[in-house]
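In: Sequence first, predicted coordinates after that:
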Amino acid sequence: MFTKLFRQYPVARIAALCLAMGVLSACQAVYRNHGHIPTPEELALVKVGVDTRDSIGETIGAPSSSGVLNDNGYYYVASRIRHRGAMRPTVVSRSLVAISFDQRGVVRNVERFGLEQGRMVVLERAVTSSSVEDKTFLRQLLGNLGNFNPGALAN
């Protein structure tokens, strides 16, 4: 049935071929790279006990992030993520270079980590309680009308 249709209508053959190519290309994986880590040649230029934060910034470049609480390190992170059709993206590889500093800002250590050394960190959702009780907006607005002091506007 289809062979007779394709012989009579060559456009149908082209359309079917394009449809098949479209379906096959939708299953093709797409890779995306995020972030930047220094090359081994750049890391070889870093001298532990000699280089400072400023010299690291000039030699390697600005880090992806730095220490949040005590600012004692630079972190360079690079990830490769695979997207395939409608499936959830998966992390194929992740590399992290951590450069730690002492109190004077001199390089103390250079470490390299991969995805296999990583571990999942579960973030806790902290909820701050507010002083607003179960009051509607209108009730809050009308409740503040009694607190209005026109004498405060005159001063």
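Out: Arrived safely. Residues are numbered from 1 along each chain as shown.

In: Could you verify that A78 is part of a strand?
Out: Yes: counting by DSSP: H, G, I helix; E, B strand; the rest coil, A78 is located in a strand.

In: Who is it paired with across the strands?
Out: For A78, the beta-bridge partners are G35, S95 (DSSP bridges).

In: Quick check: it touching I37?
Out: Yes: with contacts counted by Cβ atoms under 8 Å, A78 reaches I37, the gap being 4.4 Å. All C-beta spots, glycine's among them, are computed from the backbone N, C-alpha and C.

In: Find residues that contact each of the two.
Out: Contact criterion Cβ atoms under 8 Å, 6 or more residues apart in numbering; residues shared by A78 and I37: 95-96.

In: Neighbour count: these two, which is higher?
Out: I37 (20 against 16; other Cβ atoms under 10 Å).

In: Show me what counts as buried in stretch 78-97.
Out: By 16 or more other Cβ atoms under 10 Å, the buried positions in stretch 78-97 come out as 78-80, 94-97.

In: which two in those are spaced the farthest apart?
Out: Greatest spatial distance in these: R80 and V97, 15.3 Å, computed using Cβ to Cβ.

In: what helix or strand is G57 on?
Out: Using DSSP states H and E, G57 sits in helix 53-59.

In: What's the mean pLDDT across that helix?
Out: Throughout helix 53-59, pLDDT has a mean value of 87.

In: Quick one: residues in contact with it.
Out: Residues outside helix 53-59 that contact it (Cβ under 8 Å, 6+ apart): 42, 45-46, 51, 74, 99, 101, 105, 107.

In: pLDDT at S130, what is it?
Out: So, for S130, pLDDT stands at 53.

In: And for S93?
Out: At S93, pLDDT is 85.

In: Excluding chain neighbours, give the residue nearest to it in space.
Out: Spatial nearest neighbour of S93, chain neighbours left out: R80 (4.6 Å); criterion: Cβ to Cβ, 6 or more residues apart in numbering.

In: For N33, see how far away the one you found is.
Out: 5 Å (Cβ to Cβ, to the nearest Å).

In: go on, G22?
Out: Relative to N33, G22 is positioned 26 Å away (Cβ to Cβ).

In: Helix or strand with the lowest mean pLDDT in the protein?
Out: Sorting the helices and strands of the chain by mean pLDDT, DSSP states H and E puts helix 2-8 at the bottom, at a mean of 64.

In: I am finished for the moment; much appreciated.
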